[in-house]
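Colleague: Next comes the sequence, and after it the predicted model I'd like to discuss.
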Amino acid sequence: MIYVDADACPVKEEVYKVARRVGWDVRVVANSFIRTPMEPRIQFVLVDAGADAADDWIAERAVAGDVVVTNDIPLAARALEKGAEVISPTAKVFTTAMIGSALATRGLMEHLRSFGEITSGPPPFATKDRSAFLSALDAAINRAKRAQA
């Protein structure tokens, strides 16, 4: 199963393409409607409004052998605890070895923003990011398949 934290996810079409090729199911999870292909293996899941509703839904269901696509670091940490593979839309691979420092950096940045510090956002999403994501997704699926075995 591939779970997509779909709010502001720029690589949904790429996920569908890879999922079709490998024969995996996809759950696209968000708290507002997102159009998805009318295919039995690709399902949209509408969750209640709320900051972490989609994250909670995914974290409750992800298990070893699944892949989670998210930019959300706390969700990544929760999915890693369950044994899932986790990647970001920019092809960042989240691992148990680095998630602690990623959570700490996120906390620091939130703290700075709360004091009015201006921090830069992510760079614009580029074509090379899509290509890198496709490679990262293939690698994550292969790791997940090994975890299932």
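Modeller: The structure has been received and is ready for your questions.
Colleague: And the contacts of stretch 41-57?
Modeller: Contacts to stretch 41-57, defined as C-beta atoms under 8 Å, 6 or more residues apart in numbering, come from residues 5-7, 16, 19-20, 23-36, 70, 72, 74-75, 78. Quick note: C-beta positions are derived from backbone N, CA and C, even for glycine.
Colleague: Just the ones in helices from these, please.
Modeller: Within the contacts of stretch 41-57, residues falling in helices by DSSP state H are 16, 19-20, 74-75, 78.
Colleague: For residue 141, state which of those is nearest.
Modeller: Within the ones in helices among the contacts of stretch 41-57, proximity to residue 141 (C-beta to C-beta) peaks at residue 19, which comes in at 8.8 Å.
Colleague: who's in contact with that closest one?
Modeller: Shown in contact with residue 19 (C-beta under 8 Å, 6+ apart): 2, 25-26, 41-42.
Colleague: how about 7 Å then?
Modeller: 2, 26, 41-42 (C-beta atoms under 7 Å, 6 or more residues apart in numbering).
Colleague: Could you check how far it is from residue 48?
Modeller: With distances taken as C-beta to C-beta, to the nearest Å, residue 19 is found 26 Å from residue 48.
Colleague: again with residue 75
Modeller: Residue 75 is 16 Å from residue 48, by C-beta to C-beta.
Colleague: Between the two, tell me which one has more neighbours.
Modeller: Between residue 75 and residue 48, counting by other C-beta atoms under 10 Å, residue 75 is the more crowded of the two (22 against 9).
Colleague: Verify the stated contact: the more buried one with residue 4.
Modeller: No: at 11.3 Å, residue 75 does not count as touching residue 4 under the criterion of C-beta atoms under 7 Å.
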